[in-house]
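Student: Here is the input, now give the coordinates:
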Amino acid sequence: MFSTDEAVDVTLRCDNCCMNAVVDKFGKKVKTSSVGEEQFRTTVKVCTSPTFYRWVFGSAGKIVIEGPVEVRNAYKKLLQKSLDSMN
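Tutor: Residues are numbered from 1 along each chain as shown. As a prediction, the model looks like this:
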């Protein structure tokens, strides 16, 4: 799984209702750009870890990891592992 103690740039696409959560997590200086009328995009430095992935999951699909592909795939793998454990 792509998990590191080194911060990497991760691009997130978020529903506008998640702005407060993003600011709480990454600070008031987080840079965003509009994606249509209902979403925004931001690139933030994070240490990918189960804690980060839990935070994304807690948005119930309102925050999407767009890249890098390794981080996106690691998240998908974690989600699939969780689903598989339910069988």
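Student: Run through the helices of the protein in chain order.
Tutor: Secondary structure of the chain (DSSP state H): helices at 19-26, 50-57, 69-84.
Student: Let me have the ones you listed in CSV, extended by distance to F40.
Tutor: In short, each C-beta sits where N, CA and C put it, glycine included. Output for the helices of the chain, formatted as CSV (distance: least, CB to CB, whole Å):
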stretch, distance to F40
helix 19-26, 7
helix 50-57, 15
helix 69-84, 18
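Student: Select, out of those helices, the one closest to T11.
Tutor: Ranking these by proximity to T11 (CB to CB) places helix 69-84 first, at 9.0 Å.
Student: follow-up on the earlier one: same list (the helices of the chain) but as CSV, adding distance to E38, mean neighbour count and mean pLDDT.
Tutor: Shown next, in CSV, are the helices of the chain (distance: least, CB to CB, whole Å; neighbours: other CB atoms under 10 Å; pLDDT from 0 to 100):
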stretch, distance to E38, mean neighbour count, mean pLDDT
helix 19-26, 12, 14, 97
helix 50-57, 18, 15, 94
helix 69-84, 21, 14, 94
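Student: beta partners for C14?
Tutor: F40, I63 (DSSP bridges).
Student: quick revisit: how about the helices of the chain, which one is nearest D9?
Tutor: So among the helices of the chain, helix 69-84 is nearest, using CB to CB, at 9.4 Å.
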